[in-house]
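**Q** 3D, please:
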Amino acid sequence: MINEKETIIREIVDTHIRQFAGVLETRYSLEVTDPLGVINSKKNNAFMSQLGEEFMFYSAFVRSFDSSFGKVLENMGNAIAKISYTVRGRIESYLLPQQTQHIDYLMTAYEKRDAKPKVEDYLNFNCLVPSNITSFITAHETDNYFYDEEKHCHYLIELKAGGDLDNKKAKSEKIALLNEFFILKNFLQNKDTIRIYFATAYNKFGEGIPWKQERVQTFFAGEELLIGRDYWNFVCNDPEGYNVIFDQYRCSSAYIKNALDRIKQLYFS
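**A** Next up is the predicted model:
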């Protein structure tokens, strides 16, 4: 990775983590006198309070932390992606009934194990376009739409920053991505390439270990997955992306650790 790009990525990581720690500390400082605040609610639970301050503090903290930290990782990924890609957020065009029917056909075949998912299943699907498409106009908002101007390639990504996907949602996530794919294809009407990905911010099985969430793999092909390291390398558009990001995160995470110590002092000193 070139030095200038690495410096920018490190600054983005540091800024996002520092701001997140600041927001976290401000929020919990304001709640310290609120009996219905997240931590005070747990302190008032006589059963939980018997398990000690550390347990009380972190059990109150973890759920809201996971949710807000996931959003930080997503925003950080999008900010880093802007170095290499154009980041877009809305797709508007038409979606034909034949395309919706094809998506339904694919989902049924995958679910019944009649076929394994492949990108060719939808990549080359074409149908007759009516002269009046007004009634088929639709739009889709997406948080992770990147365009590589050099390669003329569009990337539509569904990111699960928490590293996991509810098994029940795997099918609906693939349907949503395929809807986006066809809407974008209808809009472009050129030879640009469109790729769809399901991505996670980390590998729940451990980096370097095969990712094997079977329900997701029922609906997504291996080449549609960006798991952990692969996702961060992709947004950096560099094979060293994950290493740079995580090395900087090791340093910047001190902001969060220090904020947590100060918040604990507020509630338990």
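**Q** all strands for the stretch 51-200 of the chain, in order.
**A** For the stretch 51-200 of the chain, the strands defined by DSSP state E, counting those that start in this stretch cover 86-94, 137-148, 153-160, 193-200.
**Q** of all these, which one is nearest Ile103?
**A** strand 193-200 (11.9 Å; C-beta to C-beta). C-beta: built from backbone N, CA, C; applies to glycine.
**Q** and for the closest one, what's in contact with it?
**A** 119, 144, 151-165, 173-174, 177-178, 180-181, 184-185, 188, 211, 216, 220, 224-228, 230-231, 234 (C-beta atoms under 8 Å, 6 or more residues apart in numbering).
**Q** ok and that strand relative to strand 153-160, angle-wise?
**A** 20 degrees (axes from the mean of the first three to the mean of the last three C-alpha atoms, to 10 degrees).
**Q** next, count neighbours for Thr193.
**A** Residue neighbour count, defined by other C-beta atoms under 10 Å, stands at 12 for Thr193.
**Q** and for Phe61?
**A** By other C-beta under 10 Å, neighbour count at Phe61 equals 18.
**Q** and the one 5 residues further on, by the same measure?
**A** Counted with other C-beta under 10 Å, residues neighbouring Asp66 total 12.
**Q** state the distance from it to Glu207.
**A** 19 Å (C-beta to C-beta, to the nearest Å).
**Q** before we move on, what about Thr134?
**A** Taking C-beta to C-beta, one finds Thr134 at 49 Å from Glu207.
**Q** pick out whichever of these two has more residues nearby.
**A** Glu207 (13 against 7).
**Q** and that one, that's in a helix?
**A** No: under the criterion used here (DSSP: H, G, I helix; E, B strand; the rest coil), Glu207 is coil, not part of a helix.
**Q** pretty sure it contacts Ile227?
**A** No: using C-beta atoms under 8 Å, Glu207 makes no contact with Ile227, being 9.0 Å away.
**Q** packing partners of the longest helix seen in the chain?
**A** For the chain, the helix that runs over the most residues, judged by DSSP state H, is helix 53-84. For helix 53-84, the elements it packs on are helix 3-30, helix 38-43, helix 46-49, strand 137-148, helix 229-236, helix 241-268, judged by 3 or more C-beta pairs under 8 Å, 6 or more residues apart in numbering; DSSP states H and E.
**Q** cutoff 10 Å now
**A** Judged by 3 or more C-beta pairs under 10 Å, 6 or more residues apart in numbering; DSSP states H and E, helix 53-84 is in contact with helix 3-30, helix 38-43, helix 46-49, strand 86-94, strand 137-148, strand 153-160, helix 229-236, helix 241-268.
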